[in-house]
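A.B. asks: below is the sequence, then the predicted model.
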Amino acid sequence: MEYEKLSRRQIARLVAADIQDGAYVNLGIGIPTLVSAFLPPGRDVILHTENGIVGMGPGDPDAPLDLDLINASKEPVTLLPGASITDHVVSFAMMRGGHLDLTVLGAFQVSERGDLANWDTGAPGTIPAVGGAMDLVAGARQVYVTMEHVTKDGQPKIVRECTYPLTGAGVVDRIYSDLAIIDVVSGSLVLRAMVEGLSFEALQALTGCPLARAGDLRVLAPE
């Protein structure tokens with residue numbers, strides 16, 4: 001049976017649905033920035049961006065462009081009622097001080113123990129840039145990762161051991177890939193959901209370390 005990979009927006013929607021009310025959440029660069037668009041009005045989720053906004057809302061395409069009001073990806077955002085703007089010292093104090101319930105980040109690799117590598121591949125022409133990622137994974141209570149399941153040439157990005165420099169060791173709690181949702185539990189990977197039409201054996205072949213199936217394994221049907 002054929003299967004269809006999740007789009008970046010579909011991944012973001014899944015993450016948004018799993019965020020608990022009352023949570024203070026940092027959204028990293030890339031797919032994570034899309035999460036804010038799928039938090040419906042009335043959800044009590046406070047979004048933080050490391051460049052100094054607490055209470056960030058999604059960008060408004062109908063509003064005039066304000067280059068002073070952007071997120072860490074340099075994308076336009078809005079301020080929700082009660083929002084505040086801080087300097088980097090206060091913003092990073094929130095991150096390092098354990099005041100964030102969750103951070104959602106992208107990744108180049110995640111190991112079976114939950115090690116995260118997301119700032120340098122060593123590829124020619126790339127510029128290593130860790131930004132605030134190390135502070136986030138050290139300080140946030142939970143870390144969710146959004147990523148493609150394999151590289152452009154088909155190599156697994158979920159691996160036994162990361163070969164790229166680590167952002168943090170044993171920090172990832174959950175992986176949302178374009179094929180599956182996987183939890184890191186006691187140093188091993190538990191498959192919680194996978195896209196419709198994909199067999200467990202096929203998913204395992206695309207994963208560089210063993211997966212265990214959850215008893216309540218879900219199927220992610222296309223929208």
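C.D. replies: Ah, there it is. Bear in mind the structure is a predicted one, so any value in this text is a computation, not a measurement. Residues are numbered from 1 along each chain as shown.
A.B. asks: helices and strands around the strand ranked longest in the chain, which ones?
C.D. replies: Looking across the chain with DSSP state E, the single longest strand is strand 211-220. With contacts taken as 3 or more Cβ pairs under 8 Å, 6 or more residues apart in numbering; DSSP states H and E, strand 211-220 sits against strand 180-185, strand 188-195, helix 200-205. Quick note: C-beta positions are derived from backbone N, CA and C, even for glycine.
A.B. asks: contacts for it next, please.
C.D. replies: Contact with strand 211-220 is made by 6, 14, 180-183, 188-196, 200, 203-204, as judged by Cβ atoms under 8 Å, 6 or more residues apart in numbering.
A.B. asks: buried only: go through those for me.
C.D. replies: 6, 14, 180-183, 189-195, 203 (16 or more other Cβ atoms under 10 Å).
A.B. asks: the residue lying closest to Val137 once chain neighbours are set aside pairs with what?
C.D. replies: Leaving out its chain neighbours, the residue that sits closest to Val137 by Cβ to Cβ, 6 or more residues apart in numbering is Gly168, at 3.7 Å. Gly168 has these beta-bridge partners by DSSP bridges: Leu116.
A.B. asks: pLDDT below threshold where in this protein?
C.D. replies: Along the chain, segments meeting pLDDT under 70 span 1.
A.B. asks: name the helices or strands packed onto the top helix by length along it?
C.D. replies: In the chain, assigned by DSSP state H, the helix with the most residues is helix 8-18. Helix 8-18 sits against strand 142-147, strand 174-177, with contacts defined as 3+ Cβ pairs under 8 Å, 6+ apart.
A.B. asks: what pairs with the shortest one, parallel or antiparallel?
C.D. replies: Spelled out, that is strand 174-177. Short version: by DSSP bridges, strand 174-177 pairs with strand 142-147 (parallel), strand 180-185 (antiparallel).
A.B. asks: any chance of a markdown table for the ones you listed, columns distance to Gly131?
C.D. replies: Formatted as a markdown table, these follow (distance: least, Cβ to Cβ, whole Å):
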| stretch | distance to Gly131 |
| --- | --- |
| strand 142-147 | 15 |
| strand 180-185 | 23 |
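A.B. asks: ok so, going back, for the longest helix of the chain, buried residues please.
C.D. replies: Buried residues in helix 8-18, defined by neighbour count with 16+ other Cβ under 10 Å: Gln10, Ile11, Ala12, Arg13, Leu14, Val15, Ala16.
A.B. asks: and for stretch 94-111?
C.D. replies: Neighbour-count burial for stretch 94-111 flags 94-96, 100-111 (criterion: 16+ other Cβ under 10 Å).
A.B. asks: now do stretch 123-141
C.D. replies: Gly131, Gly132, Ala133, Met134, Asp135, Leu136, Val137, Gly139, Ala140.
A.B. asks: next one: stretch 148-159
C.D. replies: For stretch 148-159, by 16+ other Cβ under 10 Å, it's Glu148, His149, Val150, Pro156, Lys157, Ile158, Val159.
A.B. asks: stretch 214-223 now?
C.D. replies: Neighbour counts over stretch 214-223 (16+ other Cβ under 10 Å) mark Leu220 as buried.
A.B. asks: dump the C-alpha coordinates for it into PDB.
C.D. replies: Extracted in PDB, the C-alpha atoms of stretch 214-223 (Å, rounded to 0.1, in the frame of the first residue of the first chain):
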ATOM      1  CA  ALA A 214       3.300   1.100  21.600                       C
ATOM      2  CA  GLY A 215       0.200  -1.000  22.500                       C
ATOM      3  CA  ASP A 216      -2.100   1.800  21.400                       C
ATOM      4  CA  LEU A 217      -0.200   2.500  18.100                       C
ATOM      5  CA  ARG A 218      -2.200   5.100  16.100                       C
ATOM      6  CA  VAL A 219      -2.500   5.600  12.400                       C
ATOM      7  CA  LEU A 220      -2.000   9.100  11.000                       C
ATOM      8  CA  ALA A 221      -4.500   9.400   8.300                       C
ATOM      9  CA  PRO A 222      -4.100  12.100   5.600                       C
ATOM     10  CA  GLU A 223      -6.300  15.300   6.100                       C
END
